[in-house]
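> Fold the following.
(one chain, ligands or ions: 2)
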Amino acid sequence: MAELLTSAQMRAVERAAIDSGEVSGLELMERAGQGVVAAIFEEWPELALSSYKAVVLCGPGNNGGDGFVIARLLKQRGWEVEVFLYGDPEKLPPDAKANYERWREVGEVAPLNTREFRHSDCDVVVDALFGTGVSRALSGEALSTMSQLAGANGDRYDKIVCVDCPSGLCLDSGRVLAQPSNPALADLPIQLNQLPRSRYPYGGIGFAALTVTFDSPKCGHFLDDGPFLCGKLRVVDIGVQDFRENSRRDILDKSGQKTGRAAKLVRRPEVCLVHMSPIVKENRSFAQPLMLWGKDPQDHKYTHGHPLILSGLSGKTGAARLSARAALRVGAGLVTLGTPHEAVTEVAAQITTIMLTEIDTPEILTRVLTDKRLNALCIGPGFGVERAGEFLPYALAAKRATVLDADALTALSESETGFADLHANCVLTPHAGEFKRLFPDLATKLAEPPIKGPAYSKVDATREAAKRAGCTVLFKGPDTVIASPNGRCSINAAVYDRAAPWLATAGSGDVLAGLITGLLARGLAPHHAAETAAWLHVEAARSFGPGLIAEDLPEELPKVFRALGL
Ligand SMILES: NC(=O)C1=CN([C@@H]2O[C@H](COP(=O)(O)OP(=O)(O)OC[C@H]3O[C@@H](n4cnc5c(N)ncnc54)[C@H](O)[C@@H]3O)[C@@H](O)[C@H]2O)[C@@H](O)CC1
Ligand SMILES: [K+]
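Ligands and ions are numbered 1, 2, ... in the order given. Predicted coordinates for the structure are as follows:
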């Protein structure tokens, strides 16, 4: 799995590389600029066949420095290049200043002015205004230029290339830093974060055509609005991977930055991307844990676990049947549906391999669970909130690996004992609404306008939630975040080339709950089960494609497994 960095972690890696004396900041900047130019020609090979025109927008920091390198390299290829600077050239940091001066030997620099920039025709616009250093909302010409690029005046720019990120995007949270609400700002052109999302498919091209980042992808490229604004993401190597390994554990803590004290060194578990896309090469290692699922010829069905999925009342049994089918397809040896008496005929008429046992009361559940072979439990899909409230304490007291989904989450949010009954072998799978019911303060914090960077992120919220609940939390979305109480965190992003819009279909969450339960029954630890299930869920949707309904997801799994070589 690929490691995702925060902006502070990236700065720490760069600092470690420079401090080692093996490479200078200037060299890193040159490599970054070269990487962006190479990525442009890789993306649009036709641009390498002739000379075109680029506008490069440079900001007041090192992101702007990269811009000056890009301008020089394109000019060397015979391109016409116009450079605009937002800020005072005298105040540029040293490496950016050096590249400003090198550019000035061959070209002009105009102060950034939206009107001027608007009238300069160009084939490529390079956004090098702000990168990892953005700490507050854009204002003035920087804001109006970004709004202009976003189409505020009706103009369209086909090839916007962002250096590190679309300027203004917080790379920790994937959120665009916003102005505090101020009536004086109401007349300003639209801000990036007010772009009408509906105009673009999620994960499709929103703002930029291409975003080129350095060394490692950052959390914000995959969270929230990040993918929508970045367009396509490329990661270029700038030769600092050894320092990433070395400084992995010695990273800057956000709290140190906030208080202005000397940065505190902490051992924070990194965030991983559950991903197998070619944009993140090293993630191939994710295939390794999957290989463990191959069934050994010596095994028998009980070796692969036996989950119990609790069904709703008649007319509501479909959700649990979907979960059960998913648990079976993901390799659980046997699967039993715990069904209320009045729904037995309905359920029995629609299952074959899946077994059925009558469970009418919480006491019967406890009795059924004296069979220790039932090693995982799923409660929630179609279950009914009131029933879930009655069954939940008994289900949790059985101390099985347990998935709490849908109605069980609502019941949990209403329960008097709160999270006290949860244990480390539980997995909560809230969508945004359920998350809000369970963790109202965290949801409120996440909904507040992100005024300062690094902004509070879905990673932060899910980590806090997991700690509070004392178990693994999988917070659903196109940017599904999975966190565990020890701080471990993964993002399963159904964006970029893994976009799976067909997953937004009734019953898809029930299938996910079943996949997690099946994997728990097969002996995977909660965090691993949740991330593997989330990955397979998206993969099955992508494999099936348009027209997908939830029933298709479990049935597509054999194809996904074959493609993985299992
Ligand atoms: N440090 C290095 O060695 C390397 C850095 N690289 C580039 O450097 C970038 C980071 O550079 P910086 O740390 O200088 O940061 P930026 O260039 O992103 O930001 C510059 C400065 O702008 C100020 N600022 C923040 N928000 C603002 C706002 N809304 N309005 C006005 N000013 C604002 C801050 O004081 C910040 O230091 C990366 O994104 C990457 O593009 C690359 O060249 C690779 C090597
Ligand atoms: K940028």
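> all contacts plus neighbour counts: C-alpha atoms, from now on.
Fine.
> domains in the chain, as residue ranges please.
Listed by automatic domain parsing, the domain ranges of the chain are 24-238, 288-293+300-444+451-563.
> is ligand 1 contacted by the first one?
Yes. On the criterion CA under 6 Å from any ligand atom, domain 24-238 is in touch with ligand 1 at 25, 28-29, 32, 60-64, 66, 130-138, 163-164.
> got the end-to-end distance for that domain?
From its first residue to its last, domain 24-238 covers 12 Å (CA to CA, to the nearest Å).
> starting at the chain centroid, how far to that domain?
Centroid separation between domain 24-238 and its chain, computed with CA atoms, centre = their mean, to the nearest Å, is 22 Å.
> So is that domain next to ligand 2?
Yes. Applying CA under 5 Å from the ion, one finds domain 24-238 touching ligand 2 at 127, 128, 130, 131, 162, 163, 165, 166, 167.
> Now do the first one, the pLDDT please.
Listed pLDDT for residue 127 reads 97.
> The strand or helix carrying it pairs with which strands, parallel or anti?
Per DSSP states H and E, residue 127 falls inside strand 124-128. In the sheet, strand 124-128 lines up against strand 53-58 (parallel), strand 160-163 (parallel) (DSSP bridges).
> In that strand, which of the residues would be classed as buried?
124, 125, 126, 127, 128 (16 or more other CA atoms under 10 Å).
> Rebuild the strands paired with strand 124-128 as CSV, extending it with mean neighbour count and mean pLDDT.
Formatted as CSV, those follow (neighbours: other CA atoms under 10 Å; pLDDT from 0 to 100):
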stretch, mean neighbour count, mean pLDDT
strand 53-58, 25, 97
strand 160-163, 28, 97
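> want to try TSV for those strands, with distance to residue 42 as columns?
Formatted as TSV, these follow (distance: least, CA to CA, whole Å):
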stretch	distance to residue 42
strand 53-58	16
strand 160-163	13
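> returning to what we had before: helices and strands around the helix or strand just after the strand holding residue 127, which ones?
For strand 124-128, the following helix or strand on the C-terminal side (DSSP H and E) is helix 140-149. Judged by 3 or more CA pairs under 8 Å, 6 or more residues apart in numbering; DSSP states H and E, the packing partners of helix 140-149 are helix 114-118.
> 10 Å instead?
Applying 3 or more CA pairs under 10 Å, 6 or more residues apart in numbering; DSSP states H and E, we find helix 140-149 packed against strand 53-58, helix 114-118, strand 124-128.
> Could you list which residues are in contact with the closest residue to residue 560 other than its chain neighbours?
Of all residues not flanking residue 560 in the chain, residue 540 sits nearest, at 6.3 Å (CA to CA, 6 or more residues apart in numbering). Neighbouring residues of residue 540 by CA atoms under 10 Å, 6 or more residues apart in numbering: 500, 503, 548, 552-561.
> go on, residue 55?
Applying CA under 10 Å, 6+ apart to residue 55 gives the contacts 67, 71, 80-84, 117, 120-127, 160.
> Buried by neighbour count, from the residues you listed: which ones?
Among the contacts of residue 55, those scoring as buried are 67, 71, 80-84, 117, 122, 124-127, 160 (criterion: 16+ other CA under 10 Å).
> Just the closest of these to ligand 2, please.
residue 127 (4.9 Å; CA to the ion).
> For the stretch 351-500 of the chain, which residues score under the pLDDT cut-off?
Filtered on pLDDT under 70, the stretch 351-500 of the chain yields no residues whatsoever.
> Could I get the full set of helices for it?
Here the stretch 351-500 of the chain has its helices, by DSSP state H, counting those that start in this stretch, at 362-368, 385-397, 406-414, 432-438, 440-447, 458-469.
> which other helices and strands contact the third one?
Think helix 406-414. If you count contacts as 3+ CA pairs under 10 Å, 6+ apart, helix 406-414 packs onto strand 374-379, helix 385-397, strand 401-404, strand 426-428, helix 432-438, helix 508-521.
> Now do the longest one and helix 406-414, the angle between them.
So that's helix 508-521. Here helix 508-521 points in a direction 80 degrees away from that of helix 406-414 (axes from the mean of the first three to the mean of the last three CA atoms, to 10 degrees).
> Extract the residue ranges of this protein that are flagged as low pLDDT.
The low-confidence ranges in the chain, as defined by pLDDT under 70, are 1, 181-206, 245-269, 275-302.
> at 90 instead, please
1-3, 114-121, 143-158, 178-207, 225, 228, 241-304, 449, 497, 563-566 (pLDDT under 90).
> Now distance to residue 175 too, for the helices and strands packed on helix 140-149, in TSV please.
Formatted as TSV, the helices and strands packed on helix 140-149 follow (distance: least, CA to CA, whole Å):
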stretch	distance to residue 175
strand 53-58	21
helix 114-118	24
strand 124-128	17
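> Let's have the domains of the chain in TSV, adding distance to residue 3.
Below are these laid out as TSV (distance: least, CA to CA, whole Å):
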stretch	distance to residue 3
domain 24-238	7
domain 288-293+300-444+451-563	9
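> contacting residues for the residue in the stretch 351-500 of the chain positioned nearest to ligand 2?
Across the stretch 351-500 of the chain, no residue is closer to ligand 2 than residue 453, which sits at 14.9 Å (CA to the ion). Applying CA under 10 Å, 6+ apart to residue 453 gives the contacts 7, 132-137, 168-173, 175-178, 258.
> picking up where we left off before, nearest to ligand 1, of the buried ones among the contacts of residue 55?
Checking those against ligand 1 by CA to the nearest ligand atom gives residue 67 as the nearest, at 8.3 Å.
> any idea how far residue 13 is from that closest one?
21 Å.
> hang on, residue 347 packs against residue 336?
No. Taking contacts as CA atoms under 10 Å, residue 347 lies outside contact range of residue 336: 11.4 Å.
> which residues are common contacts for those two?
311, 321, 355, 356.
> What degree of burial does the second one show, as a neighbour count?
Other residues near residue 321 number 27, with proximity taken as other CA atoms under 10 Å.
> Format the CA atom coordinates belonging to the helix or strand where it lies as CSV.
Residue 321 belongs to helix 318-329 when assigned by DSSP H and E. Written as CSV, here are the backbone C-alpha positions of helix 318-329 (Å, rounded to 0.1, in the frame of the first residue of the first chain):
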residue,chain,number,x,y,z
GLY,A,318,-33.3,-8.3,1.5
ALA,A,319,-30.5,-6.3,3.2
ALA,A,320,-29.3,-9.1,5.4
ARG,A,321,-29.5,-11.6,2.5
LEU,A,322,-27.3,-9.3,0.5
SER,A,323,-24.8,-9.2,3.4
ALA,A,324,-24.9,-13.0,3.7
ARG,A,325,-24.3,-13.5,0.0
ALA,A,326,-21.3,-11.2,0.2
ALA,A,327,-19.9,-12.9,3.2
LEU,A,328,-20.1,-16.3,1.5
ARG,A,329,-18.6,-15.0,-1.8
